[in-house]
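Undergrad: take this sequence and fold it.
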Amino acid sequence: MSAWRRRIGAFLLLAGVSLAAQAAPSLSIGPVGTSHDGALVHQLERALCSAKDCQPWAKVSTRGVLDLKKAGPLQVKGVLTGSVARKGAGRQLSLSFFTGKALATRTWTFPLDASGLLAPAAVRQLQTELRALVGGQPPPVKAPELVTPARPAPVVVPAPAVRPPLAPAPAAEPVVAPAPVGGRPLVAAELGLRLASRTLAYQGARPAGARLLAFDVPLVSGPVLRAELYPLAHGDGVLLQGLGLFVGYARTFAVDTKAQDGAVVGDTTFTRLEAGVLWRTPPLGSWRLTLVPALSYQRHSATSSPLVPGLPDAELAGLGLAVGAEAPLPGRLMLLAGLGYVAWSTARDLVSGSPAFFPGGSASAVDLEAGLAVALGRRLSLRGLLEARLIRYSLEPDPSGAYVADGASDTNLGARVLLHGEY
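TA: Residues are numbered from 1 along each chain as shown. Alright, predicted model coming up:
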């Protein structure tokens, strides 16, 4: 009988330890710093999530807001979030730990080293203090004392110490994870150089009263400027902090334009102007991916001087829709990509130009770009991008007109090198 009692007591002891371990709460790491602080975020995840089960921020939040209905079943005890700001000649990290209350339960401030990371002593302090706040590993359950009275009696086993789950907050008072203070720039600007080529070709061109000139411009260069303003960057709304206005301008120096037979037909100048609104999303998922959708008004022109018969200028204007993406890579690198579409409402001189080459038609453009950014400092980076713009024309031939063609394509390929700064 005593052997059976020992087996039953050991089984109940193991069950109690298992239940207590399953109920151990965890934490989630919310937004920390900006997209340039990816290495710092990875350091925090490695240091704080190795000994406990960290839940991704996307699993416990809804539109940037901590959702306790999601966090409760996942046993999330709290959320760690923070920001990076400049302090004198260096930078410092401010962290806050929230446990379902409006005010932070605990805050820390640590200096960052030259590579933007925490010192080992700071990491150990965070590990120790967060373990105490979250609960760490459940305390061991003592083995029950087996009493053997004169008459057989049931074994008395203390109840296993199971930690209670996170109590859900009232639905009327959602807890918002605070945005990093100073984490978003108020102003961003770019200055750089653009190198590009241009090829104009026709589809279905047929002899008429005059000859259409197709041509190649192998290399043009000129400055590129861009400025962004985020008036709500330091406001309370997490989603509105990334809403901004932007304007961009590019121009090339006048270059000789040659027809396909090699003859110089004039000096050509290219300009591009765009202005609109954009929205930078908070970093998404474990990749810390930032999406940048934008709506803009654009003007694109290529003008030659003097005017050459059969050589149309390009005077285009319309609305563009684009989305960019930024993903931090290990070290100081960041991956950049973009995709855009422009519907031209004005497409002179090929469509209804002055003089008109064709009586009607339509035009649109597709933009692609991809590249890398290298962080030179907290607010400064060097960016290099490859770009392509394909403008397609659908033309309505006029048999009685001077020119006959079914369509045209204007291909622009190039690269940009930019110095990007934020404040």
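Undergrad: going forward, measure contacts and count neighbours with C-alpha atoms only.
TA: Fine.
Undergrad: and the gap between S94 and L368?
TA: 38 Å (CA to CA, to the nearest Å).
Undergrad: ah, wrong one, I meant E228
TA: Distance from E228 to L368, by CA to CA: 20 Å.
Undergrad: next one: stretch 80-89 to chain centre, how far?
TA: If you compare the mean C-alpha spot of stretch 80-89 with that of the full chain, they lie 20 Å apart, counting by CA atoms, centre = their mean, to the nearest Å.
Undergrad: I should have written stretch 231-241 there, sorry.
TA: With CA atoms, centre = their mean as the basis, the mean position of stretch 231-241 lies at 16 Å from the chain mean.
Undergrad: tell me, how many residues neighbour the residue lying closest to R211 once chain neighbours are set aside?
TA: Once its chain neighbours are removed from consideration, R211 has its nearest residue in G310; the separation is 5.8 Å (CA to CA, 6 or more residues apart in numbering). For G310, the neighbour count with other CA atoms under 10 Å is 14.
Undergrad: now the one 3 residues further on
TA: Number of residues near D313 (other CA under 10 Å) recorded here: 20.
Undergrad: wait, it sits on R348?
TA: Yes: the pair formed by D313 and R348 meets the contact definition of CA atoms under 8 Å, at 7.2 Å.
Undergrad: would you map the strands across the stretch 201-350 of the chain?
TA: In chain order, the stretch 201-350 of the chain shows strands spanning 215-229, 243-251, 255-259, 264-279, 290-305, 314-328, 333-348, with DSSP state E, counting those that start in this stretch as the criterion.
Undergrad: part of a helix, is D367?
TA: No: assignment of D367 by DSSP: H, G, I helix; E, B strand; the rest coil gives strand, placing it outside any helix.
Undergrad: what residues are up against it?
TA: Contacts for D367 were tallied using CA atoms under 8 Å, 6 or more residues apart in numbering; they are G338, L339, G340, Y341, E387, A388, R389, L390.
Undergrad: can I get these in JSON lines with distance to F215, pLDDT and neighbour count?
TA: Supplementary listing: those in JSON lines, determined by distance: CA to CA, whole Å; pLDDT from 0 to 100; neighbours: other CA atoms under 10 Å:
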{"residue": "G338", "distance to F215": "28", "pLDDT": "98", "neighbour count": "19"}
{"residue": "L339", "distance to F215": "27", "pLDDT": "98", "neighbour count": "17"}
{"residue": "G340", "distance to F215": "25", "pLDDT": "98", "neighbour count": "18"}
{"residue": "Y341", "distance to F215": "24", "pLDDT": "98", "neighbour count": "18"}
{"residue": "E387", "distance to F215": "20", "pLDDT": "97", "neighbour count": "21"}
{"residue": "A388", "distance to F215": "18", "pLDDT": "97", "neighbour count": "18"}
{"residue": "R389", "distance to F215": "17", "pLDDT": "96", "neighbour count": "18"}
{"residue": "L390", "distance to F215": "15", "pLDDT": "96", "neighbour count": "17"}
